[in-house]
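> Pasted the sequence and its predicted model underneath.
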Amino acid sequence: MSYPPPPPQYGYSPYGYGPPQDHPQATTVMILGILGLVFCQILGPFAWVMGKKALNEIDASGGTIGGRSNVMVGYVCGIISSVLIIVSLLFVVFFVILGVTGVLDSNSSY
């Protein structure tokens, strides 16, 4: 006759270990990345740098730290918003140069 297995000790899960805990900065990186993409692009580089650091820590943990998908979302949004900052700065510089040369050309005709 077979008996059922004994109940697990108090405080332990009967199904083994649960999912790994998320990285402490996973949610922060994701929020910074999304806010940087939608509202304020200056937050993008912060999400990019913090996301890269968190991804390195998650990879080095060997699976004991989770939250990789949240960090990846913030990291990619940070990269995109950083690129948008660079492109918009290039447009501003281009139009300033275009405006300065236009003013100089109009002054030289007198």
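Arrived safely.

> so where's the protein uncertain?
7-16, 107-110 (pLDDT under 70).

> Would you map the strands across it?
Here the chain has its strands, by DSSP state E, at 21-22, 65-66.

> got JSON lines for those, with mean neighbour count and distance to Gly44 too?
C-beta coordinates here come from the backbone N, C-alpha and C atoms, glycine included. Output for the strands of the chain, formatted as JSON lines (neighbours: other CB atoms under 10 Å; distance: least, CB to CB, whole Å):
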{"stretch": "strand 21-22", "mean neighbour count": "14", "distance to Gly44": "22"}
{"stretch": "strand 65-66", "mean neighbour count": "18", "distance to Gly44": "24"}
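
> Kindly reformat those strands as a markdown table containing distance to Leu98.
Below are those laid out as a markdown table (distance: least, CB to CB, whole Å):
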| stretch | distance to Leu98 |
| --- | --- |
| strand 21-22 | 48 |
| strand 65-66 | 50 |
